[in-house]
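S.K.: when you get a sec, could you give me coordinates for this:
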Amino acid sequence: MEENNTKTIEESFEALEEIITKLESSDISLDESFALYKNGMEELKQANDKIEQTKKAVMAISKDGGLEVFEEEE
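M.R.: Just a heads-up that it's a prediction; the model follows:
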């Protein structure tokens, strides 16, 4: 599972596309469908987490109308 944390957003979306293609296949068992669905939901969560991290790191408008980098406290 740690490998998924190092994926880029684009890599997560590519993995999701592969999962969707497999799920759309007519020759897949129900068990395989459930496993792929679970993996897809994990990929989606990883991508959403990365997007949220990126949003927080993007520049924010300051009170005086200028731009400043939002630094997340850890």
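
S.K.: state the mean pLDDT of the longest helix along the chain.
M.R.: Ordering each helix of the chain by length in residues (DSSP state H) puts helix 30-57 first. Here helix 30-57 scores 90 as its mean pLDDT.

S.K.: next one: Ser25 from Glu10, what distance?
M.R.: According to C-beta to C-beta, to the nearest Å, Ser25 stands 23 Å off from Glu10. (C-beta placed from N, C-alpha, C; glycine too.)

S.K.: any idea which element Ile28 lies in?
M.R.: Assignment of secondary structure by DSSP states H and E places Ile28 within no helix or strand.

S.K.: count of neighbours near Gln46?
M.R.: As a burial measure, Gln46 scores 20 neighbours (other C-beta atoms under 10 Å).

S.K.: likewise Asn48?
M.R.: Neighbours of Asn48 (other C-beta under 10 Å): 12.

S.K.: contacting residues around it?
M.R.: By C-beta atoms under 8 Å, 6 or more residues apart in numbering, the contact list for Asn48 is empty.
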